[in-house]
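> Here's a sequence, model it:
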Amino acid sequence: MNYNKYNKISKKYIQKYKNKIDKIKYRYKKAIKTIDNKSFMKLCKKHRKLTIKIIKKISKEFFKDYKKDIIILTSGSLARHSNNLYSDIDLNIFTNNYEFEKIIELEDLIANLLYKIMNFKGRDKIHSMAVYLPLISSKKIDMSNNSYIKTLDNKKIVINCRPNSEQLIFENYNSTRNINNILEYLNKNDTINSLNEWSNCFEIIYSKGKLKKLYNNQRKKCNDITNLTIFIDNLISKINKDDKIILHNRIKNSDLKEIVKTNTLFNTYAMLAIVYRYEKKIKKFNLDEFYSKSSIISKEEIEKIFNHLKNVQNLQIILDSNKIDLTSHSNKVIDINKINKQYKKMFNKNNIINDLILSKKELYDMIKKILNKIRRDLYEQK
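Model (predicted):
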């Protein structure tokens, strides 16, 4: 891609969509003290649909002249429909040939444009799940001041990242983009002895050629419930051990995220993976599907998930006002007293940490109830 074309596309889509994304966030902030879980769910859905529309349109522009097969999928919160208004974008661009450098270059330019439209603090908020596979090269990325340079037609494009993202960018540049490698990895992690929510949590956004058909034919979903009670027991044990609380008024950013977000949501989605394997009528792994079709998880219980997501978002809004992302890549110390003062001012509530711990407890009680119900059903079927 030449520089003028990239610049033209960037200006077009930033002008067309950045304000639309900002307006959704503004709507939430305007209703911040009174918004209920259902309204929050609707706003997140609107944000997700707009985000996917933007990715699809940008992808068509960038791959218009690309002659070989390509497939673009989203994973993570966008595919799971568990995004809030500040969620990362898990963007996965794959091919079946070995033009990886060209694919990664285009992916990098797409991500650079997306982070500006979404008003993220760095390009690293958009990343591929391919980084979890063994690296296929060791190309070094020259990063200084949390940025690196791409050159198009001898013109420099500065790509900004958040602090401590060097390893992620390195992995991103040196991981496979071969759809066959990804399919093998997903199938190996979705078996009678392996159950992971992320292996089923993908949504195709854009494709050219035969890769959509290849993906749909080769992705082998496991429906075997033989070891489901083992997964249930392991998850309940993990939840019971997740009893960390915040006792001090100062805490590292990474520790705060782990306690109130990472572990809680990981265990919540692990429960959904168990339900997904057990409940045959759930065909797609996303919260809208569970909300409308599940007979094991009630609508009210899905809303409890969104209640916690909303609390996490409220914390992010407070941190955002201090130019901080809630991230596992930062050891910056957060002053709890300070964010609670802002919580009172912005939300008219007293303690954001207490509210997060409470919604976490409610989620864990709900998860154990659902898992025990499945266990009883499995026992009765014997």
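> just so I have it, where are all the strands in this structure?
Taking DSSP state E, the strands of the chain run over residues 70-75, 89-94, 126-127, 147-152, 155-160, 190-191, 194-195, 202-208, 250-252, 333-335.
> Residue 298 is nearest to which of those strands?
strand 194-195 (22.5 Å; C-beta to C-beta). In short, each C-beta sits where N, CA and C put it, glycine included.
> residues making contact with that closest one?
Residues from elsewhere that reach strand 194-195 (C-beta atoms under 8 Å, 6 or more residues apart in numbering): 188, 222, 231, 270, 273, 274, 277.
> Not counting residues beside it along the chain, what's closest to the fifth one?
Read that as residue 273. Among residues not flanking residue 273 along the chain, residue 197 sits closest, at 3.9 Å (C-beta to C-beta, 6 or more residues apart in numbering).
> gap between that neighbour and residue 77?
11 Å (C-beta to C-beta, to the nearest Å).
> Repeat that for residue 150.
According to C-beta to C-beta, residue 150 stands 27 Å off from residue 77.
> I figured residue 201 was touching residue 80, is that so?
Yes. Using C-beta atoms under 8 Å, residue 201 is in contact with residue 80, at 5.0 Å.
> May I have the distance across stretch 70-87, first residue to last?
Distance between the two ends of stretch 70-87: 25 Å, counting by C-alpha to C-alpha, to the nearest Å.
> repeat for stretch 215-231
Terminal residues of stretch 215-231 lie 27 Å apart, using C-alpha to C-alpha.
> Pull out the buried residues from that stretch.
215, 222, 225, 228, 231 (16 or more other C-beta atoms under 10 Å).
> Please apply the same query to stretch 170-185.
For stretch 170-185, burial by neighbour count (16+ other C-beta under 10 Å) applies to 170-179, 181-183, 185.
> what's the farthest-apart pair in the residues you listed?
Longest span within the buried residues of stretch 170-185, C-beta to C-beta: 170 and 183, 24.3 Å.
> coming back round to it: rebuild the buried residues of stretch 170-185 as JSON lines, extending it with pLDDT and distance to residue 96.
Output for those, formatted as JSON lines (pLDDT from 0 to 100; distance: C-beta to C-beta, whole Å):
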{"residue": "170", "pLDDT": "95", "distance to residue 96": "25"}
{"residue": "171", "pLDDT": "94", "distance to residue 96": "21"}
{"residue": "172", "pLDDT": "92", "distance to residue 96": "20"}
{"residue": "173", "pLDDT": "91", "distance to residue 96": "20"}
{"residue": "174", "pLDDT": "93", "distance to residue 96": "19"}
{"residue": "175", "pLDDT": "93", "distance to residue 96": "16"}
{"residue": "176", "pLDDT": "93", "distance to residue 96": "11"}
{"residue": "177", "pLDDT": "94", "distance to residue 96": "10"}
{"residue": "178", "pLDDT": "95", "distance to residue 96": "7"}
{"residue": "179", "pLDDT": "95", "distance to residue 96": "5"}
{"residue": "181", "pLDDT": "94", "distance to residue 96": "10"}
{"residue": "182", "pLDDT": "95", "distance to residue 96": "10"}
{"residue": "183", "pLDDT": "96", "distance to residue 96": "10"}
{"residue": "185", "pLDDT": "96", "distance to residue 96": "15"}
